[in-house]
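Trainee: Prediction below, plus the sequence it came from.
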2 protein chains.
Amino acid sequence: MNYLLTICYDGANYCGYQIQPNLKTVQGVLEEALKQVFGVSVKTYASGRTDAGVSALGQTVNFVADKKFKEYSLLGYLNTILPSDVRVLSVKYVPDDFNARFSAKQKTYAYNFYLSRIDKPYLNKFATRVGYTLDMQKLESELKSLVGTFDFTSLSSTDTQVESKVRTISNVRLVKSGEVYTAYFIGNGFLKNMIRVIMGTAFDIARGKITESFLEIIEHKNRKFAGKTAGAVGLVLVEVNYS
Amino acid sequence: MNYLLTICYDGANYCGYQIQPNLKTVQGVLEEALKQVFGVSVKTYASGRTDAGVSALGQTVNFVADKKFKEYSLLGYLNTILPSDVRVLSVKYVPDDFNARFSAKQKTYAYNFYLSRIDKPYLNKFATRVGYTLDMQKLESELKSLVGTFDFTSLSSTDTQVESKVRTISNVRLVKSGEVYTAYFIGNGFLKNMIRVIMGTAFDIARGKITESFLEIIEHKNRKFAGKTAGAVGLVLVEVNYS
């Protein structure tokens, strides 16, 4: 049986999604719970990693196991074992060749931030503070200029080990609720730190510290022309779509 | 000097705003910090209490002290002493007769919730889960029916010790961001648990468990006709306005 789980987690207390020895990771607690349920070690495949402190509303993970459980039984079973900051939202049977990462067609990420010279502890739980005055129209138009297919070498971590850094962003939206801004990104895939580098750079462009536009920065194919990697706390993996 | 502080706090780790012996409260940590700064005990007056687990983006607190500090110095000084989940956002000098509670003209509260049969840990940090299907149009129209001046005896805690339970709600708005709904309430004052009882009742009306309308429930002037008090985590004191 090839199972697909959709999971939600608060990344605040985890050293990221990916399993690491002696560190608390989401994959670690999930594989431990699966081992209890199936009685054997189970290898899982997620749609992608999330960094330390990054949360997910709809991360997807598949794994192959011999034992057949009813979807709802497995969901209930796992949720009684998992810590309360990780929940399985759904369980589905998927075809043998399905892989949560390689079968993914589209991902949606959200990045929450607020503007304030002083920390706002309530907002710090789910949003990144930006301490500068920003030209919000410029921020929005620059973010929207990223819709298209580009080589994102300038706008991702230098230690990304992938063959191609070309990705397609199909939609960017900036919305405001109360004093929290959320930038939504929909694309076919995102490189390591890509959204955090995009946001850090967008803040620097919108405050006038970087004078180049995103499209100019992309042209350099060099990470050093972009801004700082923005904080992890504002980032959420919202959903992963399969055709 | 009569000082007015605007403070922001994450209520998650506090037994409410109001000082209580041997319990961690926001007022407690604030008065401790003020004692360090002024060298004597300082009695503070907040715009109102918030329950255990309730947060504030803009709670207001005044106090009288002999020593004169520059606004910005006092702000910085307090923020170096206070725990990181309580921040002073601003300091102002106010007239001698100013009182954060009695001088308040208007308060804004927000209540965040999401709909899901299963807990979503990321959202649980700032929103209350509602596990039922709701008629959202009914929810919104019922909430908006509360705009006006009413006796809120049915829709507040029975152990409220005030002379009159008549309050005026001047505006109610329901907005959605991602999958989180936020109900905003603006009024001249709110009774103990009032917004949480309103929300718990609104959920019961919108799921068909309570068949009476808010206006019918208000007529009874009896708390037992309303629904459960909704969870504290979704509630935030957004701001307090003075003329």
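Mentor: In hand now; what should we look at? Numbering: from 1, shown residues only, chains lettered A, B, ... in the order given.
Trainee: if I pick the closest residue to A:K120 other than its chain neighbours, what's in contact with it?
Mentor: Counting by Cβ to Cβ, 6 or more residues apart in numbering or on different chains, A:K120 lies nearest to B:C8, which is 4.5 Å off, once chain neighbours are set aside. (Each C-beta comes from the backbone N, C-alpha and C, glycine too.) B:C8 sits next to A:118-123, B:56-59, B:86-87, B:89 when contact means Cβ atoms under 8 Å, 6 or more residues apart in numbering or on different chains.
Trainee: can we see that at 10 Å?
Mentor: With contact set as Cβ atoms under 10 Å, 6 or more residues apart in numbering or on different chains, B:C8 has these partners: A:116, A:118-124, B:55-59, B:85-89, B:236-237.
Trainee: List buried residues within the residues you listed.
Mentor: A:118-124, B:55-59, B:85-89, B:236-237 (16 or more other Cβ atoms under 10 Å in any protein chain shown).
Trainee: List the ones among these that fall in strands.
Mentor: B:S55, B:A56, B:L57, B:G58, B:Q59, B:V86, B:R87, B:V88, B:L89, B:V236, B:L237 (DSSP state E).
Trainee: Setting aside sequence neighbours, what's the nearest residue to the fifth one?
Mentor: By the measure of Cβ to Cβ, 6+ apart, the closest residue to B:Q59 outside its immediate chain neighbours is B:I7, 5.1 Å from it.
Trainee: Could you report the distance from that neighbour to B:T50?
Mentor: Distance, B:I7 to B:T50, by Cβ to Cβ, to the nearest Å: 11 Å.
Trainee: and if you look at A:L191?
Mentor: A:L191 is 42 Å from B:T50, by Cβ to Cβ.
Trainee: do A:Y72 as well
Mentor: On the measure of Cβ to Cβ, A:Y72 and B:T50 end up 39 Å apart.
Trainee: again, but for A:A127
Mentor: Taking Cβ to Cβ, one finds A:A127 at 20 Å from B:T50.
Trainee: With A:S141 instead?
Mentor: Taking Cβ to Cβ, one finds A:S141 at 39 Å from B:T50.
Trainee: How about A:Y45?
Mentor: 44 Å.
Trainee: More neighbours: those two, which one.
Mentor: B:T50 (23 against 18; other Cβ atoms under 10 Å in any protein chain shown).
Trainee: which secondary structure element contains the residue lying closest to that one once chain neighbours are set aside?
Mentor: Excluding the flanking residues, the one nearest B:T50 by Cβ to Cβ, 6+ apart is B:Y17, at 4.5 Å. Here B:Y17, judged by DSSP states H and E, is contained in no helix and no strand.
Trainee: Show the contacting residues for B:Y17.
Mentor: Contacts of B:Y17 (Cβ under 10 Å, 6+ apart): B:7, B:9, B:11, B:25-28, B:30, B:46-52, B:54, B:56, B:59, B:61, B:237.
Trainee: partner residues bridging whatever residue of chain A ends up closest to chain B?
Mentor: Here chain A gets closest to chain B at one residue, A:S177, 3.6 Å apart by Cβ to the nearest Cβ. Listed beta-bridge partners, A:S177: A:V180 (assigned using DSSP bridges).
Trainee: Pretty sure it sits against B:L174.
Mentor: No. In this structure A:S177 lies outside contact range of B:L174 using Cβ atoms under 10 Å: 11.7 Å.
Trainee: How about A:R173: what's its closest non-neighbour residue?
Mentor: A:Y184 (4.5 Å).
Trainee: okay but that neighbour is in contact with A:Y109, surely?
Mentor: Yes. A:Y184 lies in contact with A:Y109 (Cβ under 10 Å); the separation is 7.3 Å.
Trainee: what residues are shared contacts of those two?
Mentor: In contact with both A:Y184 and A:Y109: A:V236, A:V238, using Cβ under 10 Å, 6+ apart.
Trainee: More neighbours: the two, which one.
Mentor: A count of neighbours by other Cβ under 10 Å puts A:Y109 above the other of A:Y184 and A:Y109, at 22 against 17.
Trainee: need the contact list for the more buried one.
Mentor: By Cβ under 10 Å, 6+ apart, the neighbours of A:Y109 are A:50, A:54, A:56, A:183-187, A:190, A:194-196, A:198, A:235-239.
Trainee: Tell me if it really is in a strand.
Mentor: Yes. Per DSSP: H, G, I helix; E, B strand; the rest coil, A:Y109 lies within a strand segment.
Trainee: Okay, and the residue nearest to B:Q59 sits in which element?
Mentor: Going by DSSP H and E, B:I7 is part of strand B:2-9.
Trainee: so does the following helix or strand past that strand get close to chain A?
Mentor: Sequence-wise, the next helix or strand downstream of strand B:2-9 (DSSP H and E) is helix B:26-38. No. Helix B:26-38 does not reach chain A (Cβ under 10 Å from any Cβ of the partner chain); its nearest approach is 10.5 Å.
Trainee: Remind me what helix B:26-38 packs against, helices and strands.
Mentor: strand B:2-9, strand B:44-46, strand B:55-64, helix B:71-81, strand B:86-94 (3 or more Cβ pairs under 10 Å, 6 or more residues apart in numbering or on different chains; DSSP states H and E).
Trainee: Helix B:26-38 and the fourth one, what's the angle between them?
Mentor: It stands for helix B:71-81. Per axes from the mean of the first three to the mean of the last three Cα atoms, to 10 degrees, the angle that helix B:71-81 makes with helix B:26-38 is 120 degrees.
Trainee: Helix B:71-81 versus strand B:86-94: what angle between them?
Mentor: 160 degrees.
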